[in-house]
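>>> sequence first, predicted model second:
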Amino acid sequence: MSSHNPVVVLIPGSFGSAACYSRMKPFLKGYEFVDVAFPSADPEDALSVTCQRDITHVRDAFMQPLIDEGKDVVVVVHSYGGVLSACCKGLDKVTRASRGQRGGVIGLVLICSNIVLENESVADAFVKLTGATEFDIPAWMKIDNVRLHVHAEATCC
């Protein structure tokens, strides 16, 4: 790996894993990749799942260690991973350089991604964007008690 290339942190959506990026990696020779997993992906206790818990986990377990090593990082997110991009707050290279620190986030790539304001849910953003009065769960998502499942046999697009 060239010492000039940033580390590429890959954050998947809520119904997948970082394996969804596997076809992209061969085209980016010379880059180090970090595949992220987060607590809400198939949790033992679904009631313990929160976006903030996922954000904190990604920041503490993946982002902070890389940046503390002085590495530059490009974050690639898909779908729900965009919500988790909040883990980058305050870790950008410009902010860190102003504090005399090396490394930091130098780029954020969003692929078909959700991005929300601080303390806003995806449902809140959807309601504001569409002018709807409430969030209607699409037919391809089913809620069973507290878990959300994707049903491939349903039409999603």
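Yep, it's here. Residues are numbered from 1 along each chain as shown.

>>> centre of the chain to the longest strand along the chain, how far?
Criterion DSSP state E: the longest strand present in the chain is strand 104-113. Distance of strand 104-113 from the chain centroid (CA atoms, centre = their mean, to the nearest Å) equals 9 Å.

>>> counting neighbours, which bits of that strand end up buried?
For strand 104-113, burial by neighbour count (16 or more other CB atoms under 10 Å) applies to 104-105, 108, 113. All C-beta spots, glycine's among them, are computed from the backbone N, C-alpha and C.

>>> point out where this structure drops to low pLDDT.
Regions of the chain meeting the criterion pLDDT under 70 cover residues 1-3, 134-157.

>>> show me the helices in this structure, by range?
Taking DSSP state H, the helices of the chain run over residues 51-58, 64-68, 81-84, 93-98, 122-130.

>>> just the endpoints, please. Distance across stretch 78-95?
Stretch 78-95 has an end-to-end distance of 25 Å (criterion: CA to CA, to the nearest Å).

>>> what separation is there between residue 122 and residue 129?
Distance from residue 122 to residue 129, counting by CB to CB, to the nearest Å: 10 Å.

>>> so the two - more neighbours on which side?
Under the neighbour definition other CB atoms under 10 Å, residue 122 and residue 129 were set side by side, and residue 122 has more, 17 against 8.

>>> wait, that one touches residue 115, no?
No: the pair formed by residue 122 and residue 115 falls short of the contact definition of CB atoms under 8 Å, at 9.2 Å.

>>> touching both of these two, which residues are there?
residue 83 (CB atoms under 8 Å, 6 or more residues apart in numbering).

>>> packing partners of the longest strand of the chain?
Strand 104-113 is packed against strand 72-79, helix 81-84, helix 93-98, with contacts defined by 3 or more CB pairs under 8 Å, 6 or more residues apart in numbering; DSSP states H and E.
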